[in-house]
Structures are given as C-alpha cells and as structure tokens.
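Asks: with the input below, show me the fold.
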Amino acid sequence: MKNLRVLDLTSCVDLLVTPKFSGCKNLAILILERCSQLVEVDHSIGDLKCLISLNLKFCTELSMLPVEMGHLTALKELLMDGTKVEEIPISIGQFKQLEGPIATLPDSVGELIRLNHLSVRDCHRIRKLPNSIGNIGISLVELDVSGTGVSKFPNSIKYLQKLKVLRMDSCFFKEFPPDIGELTSLEEIHASWCRSLEGGIPSEIGKLHNLRILRLRHSTISSIPMEIHQLSNLQTLDLLHCDMIKELPRLPSSIRELHVDDELKSSEIWILDNLRLQRLSTSKLPAMIKLSNLQTRRLLHCNTIKEVPKLPSGMMDLRVGDELKSSKIWNLHDLRLELLSTFIIQEEIQLSDPDLVDYFAAP
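Replies: Below you'll find the predicted structure:
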C-alpha cells in the first residue's frame, strides 16, 4: 500500500480507531467523513508527510487530535465540521487552511510564514484571534473569520500588508477595524450581517486605493465617510438594509454595482457624474439625480427599478430591460441616441427633438 494516494473511509460507522498509517506514507488524501463512532486518530498519522487533505467532518464522537498532526508539513486542508474537537495541537505550524468548530487558535499560528489563506469560517466557538497573526503579514492574502464569535481584531492586524480579501460576515464586531487604512493591499471587504457594529466606517478607508468590493449588507454601520470618493477602483458597494445609514457622500465614478434601499433618496447620494452603472438594486431613481455628464446608462440588470427620472441630453447609449415599459418614465427631450440595445416605445413618449424622432421613424 506504499503507493496509495487516496483513502476514503466515509461512513465506516463501526470504526472506533483509525488503522496505522505507517505502511502508506505517500497518502495525499484521507477521508474519514461520517465515521460517527470514531474516537481516536492513530498517532502514526504524523508519518504522512505527503498528506494534503484530512477530512474529519461529522465524526461526532471525536474530541481530540494527536499532537503528531503537527508533523503534517504538506497539509493544506483540515475539515472538522460536526466534531467535538475544540483545540488544535500547538504544533499546528505548517497547516495552510483551517475549517471546523475549533475553539482556540494557538499562538504558533504566527509561525506560518508561508500561509496565504486562513479560514475559520463558522467556527462559532472562536472568540478571538492570537496577536501573533500579525507575524504572517508577509504572506497572508485572505482572512475569513465569518460566522465566528470574534468581536475585535488584535492590534497586530495592521501588519497584514499583503492581505487582499477580508471576510468578517455575521460576526460580533462592535466597531469597524480602526486600523483598516493600514491594509493598503485590500481589494475586498465583506462585512455583511454584522448586527453589532456601532458608529461609522473610519475615514482611513480612503487610503485603500486598491479596494474593489465593499459589502456591508444588513449591518448596523451608521455612516460612510466622505473619503470613500477617493477609492478610485471601487466597483461594488452593497448597502442594502443598512438601516442606520441616512445619507451617502459623493461616490467614486468607478462604481459599477450599487445596492441601496429606497430610503436613501437624498439628492446628495446621487452625485454620479460619469458613472457607468451595470447593476443597481433600488426600485426608484430620484428625480433630482445628478447625471449631467453621463453619456451611458446600463440598466440591463437593474430589475427592481420601476421609475427613471428625466435623463441627461448628452446620453449616447441607453440600455434597459423590457420591464421598464411605462410611458410615464421616459422623458427624453433633446436626447440623441447612437446605439440603442432595448427600448419599448409607448404612445405618450415625449420625443421633441427632430433627430430623435427621425431615429425611431427609420426602418
């Protein structure tokens, strides 16, 4: 069995102790999922230097892992959902990705100097991250603490200079990370369903010039800073059901996807000159929308919009879905269209410009 690469013992319900692994040192994938009576993993597992993935999901009686697991230098994936394991060995030093109901992360996480993705998603018992996490700032690209009990990041998070993706959905954070501006490589922030958040996003977010996605859906964040206009690469802003936010500052022209509630209808939030929206989640664009320089509007995927105000005369490209058929929404005085993807003409449409009338009259 020395050449065995995959061992799948899924649903071996009578298995109490794993077999010894000394004879299959080339094993890369070990699956013990749903071995519901398993109570012990043999210590020889430490001999599996080629093991990449260990699946212990739903081994409901398993409560401890052997310390020898720290010798699994090639391990990239450890799946422990549905087990009783609450603590991983302090010798974790070489693990690449962690998922499962772990209660504590040891300080030795800081020794993972080659770690690029750390996920403790849905590990509900985890309450905090070790301060040593800052030691892996030279390599960590993605950090996912979604669905955990974490309520505050350690001060050392500011040292994660390579971090591109931060996922903190459904957590108990009481404030947005105050040092967020130090994470200048960030491209995505996911903080939806954070119902304990108080206050606004710190102005330092304006330093995140690489940020492309900011999702805060269903969070209790109360305000967005004016500095958001400095995020020249921001493409997606999701604020649906952020009920504490009453108004927005000027938004960057780079935004392509905007999700807001109908309540955010203040004229101040619609300063969208030169914006090329592709997706907009709201049912109505306010009549005072400021789009004087907008030449292209794409509403192809904005399925919730039922009304559109008077459009700017400089618009050259109008693309809408068939749902926008009401004659009352189309006020197209002096509008010149060179390219029309979809347009439903109604009897009462206002087409005062002669060139526009000729355009629609042409065969």
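Asks: alpha carbons only for contacts and neighbour counts from here, please
Replies: OK.
Asks: what is the least confident helix or strand in the chain?
Replies: Ranked by mean pLDDT, DSSP states H and E, the weakest helix or strand in the chain is strand 339-342, scoring a mean of 40.
Asks: and residue 65, which of the three is it?
Replies: coil (DSSP: H, G, I helix; E, B strand; the rest coil).
Asks: same check on residue 69?
Replies: helix.
Asks: what about the stretch 1-150 of the chain, any weak spots by pLDDT?
Replies: By pLDDT under 70, the low-scoring segments of the stretch 1-150 of the chain are 81, 86-104, 108, 112, 114.
Asks: for residue 205, what are phi and psi?
Replies: phi -60, psi -20 (degrees, to the nearest 10).
Asks: list the contacts of it.
Replies: The contact partners of residue 205, taken as C-alpha atoms under 8 Å, 6 or more residues apart in numbering, are 180, 181, 227, 228.
Asks: ok, now residue 46?
Replies: 68, 69, 70, 71, 72.
Asks: now the nearest residue to it once chain neighbours are set aside: how far from residue 225?
Replies: Nearest residue to residue 46, sequence neighbours excluded (C-alpha to C-alpha, 6 or more residues apart in numbering): residue 68, at 4.7 Å. From residue 68 over to residue 225 the distance is 49 Å, taken as C-alpha to C-alpha, to the nearest Å.
Asks: export the contacts of residue 205 to a markdown table and tack on distance to residue 166?
Replies: Below are those laid out as a markdown table (distance: C-alpha to C-alpha, whole Å):
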| residue | distance to residue 166 |
| --- | --- |
| 180 | 10 |
| 181 | 13 |
| 227 | 20 |
| 228 | 18 |
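Asks: didn't residue 209 look like it was pressed against residue 232?
Replies: Yes. Using C-alpha atoms under 8 Å, residue 209 makes contact with residue 232 at a distance of 6.3 Å.
Asks: what number of residues lie near residue 3?
Replies: 10 (other C-alpha atoms under 10 Å).
Asks: quick one: secondary structure of it?
Replies: coil.
Asks: what number of residues lie near the spatially closest residue to it that is not a sequence neighbour?
Replies: Distance criterion C-alpha to C-alpha, 6+ apart; nearest residue to residue 3, sequence neighbours excluded, is residue 26 at 5.9 Å. Using other C-alpha under 10 Å, residue 26 is surrounded by 19 other residues.
Asks: I figured residue 26 hits residue 6, correct?
Replies: No. The pair residue 26 / residue 6 is not scored as a contact, 9.1 Å apart, by C-alpha under 8 Å.
Asks: dump the contacts of residue 205 into a markdown table; add distance to residue 263, neighbour count and secondary structure as well.
Replies: Converted to a markdown table, those look like this (distance: C-alpha to C-alpha, whole Å; neighbours: other C-alpha atoms under 10 Å; DSSP: H, G, I helix; E, B strand; the rest coil):
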| residue | distance to residue 263 | neighbour count | secondary structure |
| --- | --- | --- | --- |
| 180 | 28 | 19 | helix |
| 181 | 29 | 18 | helix |
| 227 | 22 | 17 | helix |
| 228 | 20 | 23 | helix |
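Asks: of those residues, which is the nearest to residue 56?
Replies: Nearest to residue 56 among the contacts of residue 205 is residue 180, at 35.2 Å by C-alpha to C-alpha.
Asks: got a list of what that closest one touches?
Replies: For residue 180, the contacting residues are 158, 202, 204, 205, by C-alpha under 8 Å, 6+ apart.
Asks: JSON lines please, covering those and showing secondary structure, pLDDT and distance to residue 39.
Replies: Putting those into JSON lines (DSSP: H, G, I helix; E, B strand; the rest coil; pLDDT from 0 to 100; distance: C-alpha to C-alpha, whole Å) gives the following:
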{"residue": "158", "secondary structure": "helix", "pLDDT": "93", "distance to residue 39": "40"}
{"residue": "202", "secondary structure": "coil", "pLDDT": "94", "distance to residue 39": "48"}
{"residue": "204", "secondary structure": "helix", "pLDDT": "95", "distance to residue 39": "49"}
{"residue": "205", "secondary structure": "helix", "pLDDT": "96", "distance to residue 39": "48"}
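Asks: quick one, strands of the stretch 1-150 of the chain?
Replies: Listed in chain order, the strands of the stretch 1-150 of the chain (DSSP state E, counting those that start in this stretch) span 6-8, 29-31, 53-55, 77-79, 98-99, 117-119, 142-144.
Asks: among those strands, which is nearest residue 256?
Replies: That would be strand 142-144 among these, by C-alpha to C-alpha, at 23.6 Å.
Asks: and for residue 41, the neighbour number?
Replies: Other residues near residue 41 come to 19 when the count uses other C-alpha under 10 Å.
Asks: so residue 192 sits in a helix?
Replies: No. With three-state DSSP as the criterion, residue 192 is coil rather than part of a helix.
Asks: state the distance from it to residue 131.
Replies: 24 Å.
Asks: all set now, cheers.
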